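Student: using only what follows, build the 3D model:
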Amino acid sequence: MRPSDPEQDPVVRDLRTRITEADRAILTAVNARLELVRALRTHKLSQGWDFVDRDREEQLLDSLVRENPGPLTEAGLRRLFGDLLALTKREVDGEP
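Tutor: Numbers count the residues shown, from 1 in each chain. Alright, predicted model coming up:
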């Protein structure tokens, strides 16, 4: 017999716990990425170089597409990392 409340179901509780752990790992990874990009931006600007390198971004996306084992689709991957790149640029530029 199944519980009448999903909150009482051990499978639901276990999966939610694991999802929360994955979300925390994502947050940690994004914060680490931001610190690295901030350092890269500082260095590139101190050398008089452009911060954004569109060719590098495309190479990154293409590489991630090749390495992606799924189930994330190529379109989903490109959207996710496109959004992440845009967010990262806004964050390191101090934009809201």
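Student: can you list the weak-confidence ranges in the chain?
Tutor: Within the chain, the ranges that satisfy pLDDT under 70 run 1-3, 96.
Student: hey, where'd the helices end up in it?
Tutor: 10-46, 54-67, 74-92 (DSSP state H).
Student: dump those helices into TSV; add distance to Ser4 and mean neighbour count as well.
Tutor: For glycine as for every other residue, the C-beta is placed from the backbone atoms N, C-alpha and C. As requested, the helices of the chain are exported to TSV (distance: least, Cβ to Cβ, whole Å; neighbours: other Cβ atoms under 10 Å):
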stretch	distance to Ser4	mean neighbour count
helix 10-46	12	11
helix 54-67	43	11
helix 74-92	35	14
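Student: any idea how far the spatially closest residue to Val65 that is not a sequence neighbour lies from Leu61?
Tutor: The spatial neighbour of Val65 that comes closest, neighbours along the chain excluded (Cβ to Cβ, 6 or more residues apart in numbering), is Glu74 at 5.3 Å. Distance of Glu74 to Leu61, given as Cβ to Cβ, to the nearest Å: 9 Å.
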